[in-house]
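In: this is a predicted model, with the sequence first.
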Number of protein chains: 2
Amino acid sequence: MTSSVNPKDAPSAAPLGFQNHDHRACVAGALATAESRCAADGLRLTPVRRKVLELLLQEHRALGAYAILDLLREAGFGSQPPVAYRALEFLVENGFVHKVERLNAFVACAHPGRMHSPAFMICRLCEAVAEAPSAPARGAFGAAARAAGFQIERTVVEAEGVCPSCAAKGDA
Amino acid sequence: MTSSVNPKDAPSAAPLGFQNHDHRACVAGALATAESRCAADGLRLTPVRRKVLELLLQEHRALGAYAILDLLREAGFGSQPPVAYRALEFLVENGFVHKVERLNAFVACAHPGRMHSPAFMICRLCEAVAEAPSAPARGAFGAAARAAGFQIERTVVEAEGVCPSCAAKGDA
DNA sequence: CGCTACTTGTCATGATATTACATTTCAGTT
DNA sequence: AACTGAAATGTAATATCATGACAAGTAGCG
């Protein structure tokens, strides 16, 4: 399988994390990591969940829930929204996938296995999404939160702009 | 949930920015600031736009577009979604209102008049939203963006957690 | 006035997400 | 192997958030 399947959008060869890399190894490695961590933690990486993770890893860009749902249907899974949303909920809860709030879309985690609050750089031209390290709770914002007595549990950090590859092409 | 949407409610009972303040002065001041800046910049703060800003200032919390729309209808304005969305678009573009991506909701700017990238603290219990100072482009994230060659144009920084008042009440 | 750009009102539709409930699958037990 | 309770899945229906298209009104200006 996996030969067909292309949502009306960009090809899966396109935007990576802003830099080239061995995509096949990246996908295989992330899936293996997910599998072993699920085994270790008693989590069930069921076929739908595994498929959603695989799709997100292969596309290597942010996909909306309904785009994922289309791909799931083509792969023979259920095609109602809760199928996709439930798989995504599991994957997000366990850190294998992040939600990009700004796009209402989901992207495979670039650093699975470690706990972290993700930060994203989103290209407004090609929609590529790169995950960056970040520690928002340290720094000025964290200080403001502590001063206000606010207990941070989760953070969303997303930057919108132009990726190097689009900037090189002639920006605008 | 809890979008009570009652223009005659006492607004001072609602969640503020996590701290008490003179709400009437805060509303009046922000409206005056908006009016003078629009006059200075040749922007048209029309009745609908002014009303939306006033509503957001009075409520002093994040409101969804449809909650705003309900309030607009009660005030005698049009009641179709574009009415609210267009006013919000104007207000957001000009920095009078921010969108809270995490909530798909809108909140009046706490520091109008100055250009800034907003950062929010969102209480998951009472849904209060406080705006904090932040400079995400400085610090580790900004460094990562520069290293990657990514040109930041806009940032979203939102922390979810528990506000001091909910924490005092018995948290969980 | 008559032109133009902008704004507003409305209908229709699209995009994103959740509730509710029946059915199936799984792990652990009898 | 059959039983059981918890978890996962499939499906229909619905809720919530957002935009496109177009007609009608309004301000500023020659």
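Out: Received, thanks. Owing to the predicted nature of the structure, the values given are computational and were not obtained by experimental measurement.
In: please, which helix or strand holds the spatially most central residue of chain A?
Out: Nearest residue to the geometric centre of chain A (C-alpha atoms, centre = their mean): A:Val107, 1.5 Å. If you go by DSSP states H and E, A:Val107 is part of strand A:105-108.
In: got it, and A:Leu72?
Out: Element membership for A:Leu72, per DSSP H and E: helix A:65-74.
In: tell me the buried residues in that helix?
Out: Residues A:65, A:67-72 are the ones in helix A:65-74 that count as buried (16 or more other C-beta atoms under 10 Å in any protein chain shown). Heads up, the C-betas are built off the backbone N, CA and C, glycines and all.
In: for it, packing partners?
Out: helix A:47-59, helix A:81-93, strand A:105-108 (3 or more C-beta pairs under 8 Å, 6 or more residues apart in numbering or on different chains; DSSP states H and E).
In: which other helices and strands does the first one contact?
Out: Read it as helix A:47-59. Looks like helix A:47-59 contacts helix A:23-41, helix A:65-74, helix A:81-93, strand A:97-100, strand A:105-108 (3+ C-beta pairs under 8 Å, 6+ apart).
In: return the most buried member of those.
Out: Comparing those by mean neighbour count (mean count of other C-beta atoms under 10 Å in any protein chain shown), strand A:105-108 comes out on top with a mean of 25.
In: and the helices and strands packed on helix A:65-74 as TSV, adding distance to DNA strand C and mean pLDDT?
Out: Below are those laid out as TSV (distance: least, C-beta to the nearest atom of the strand, whole Å; pLDDT from 0 to 100):
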stretch	distance to DNA strand C	mean pLDDT
helix A:47-59	8	96
helix A:81-93	4	98
strand A:105-108	7	97
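In: if we compare these, which one ends up closest to B:Leu45?
Out: Comparing the helices and strands packed on helix A:65-74 by their distance to B:Leu45 (C-beta to C-beta), the top pick is strand A:105-108, with 34.1 Å.
In: residues in contact with A:Ser134?
Out: Applying C-beta atoms under 8 Å, 6 or more residues apart in numbering or on different chains, one finds that A:Ser134 lies in contact with A:117-119, A:157, B:140-141, B:144.
In: check the gap between A:Cys126 and DNA strand D for me.
Out: Remark: distance between A:Cys126 and DNA strand D (C-beta to the nearest atom of the strand, to the nearest Å) = 19 Å.
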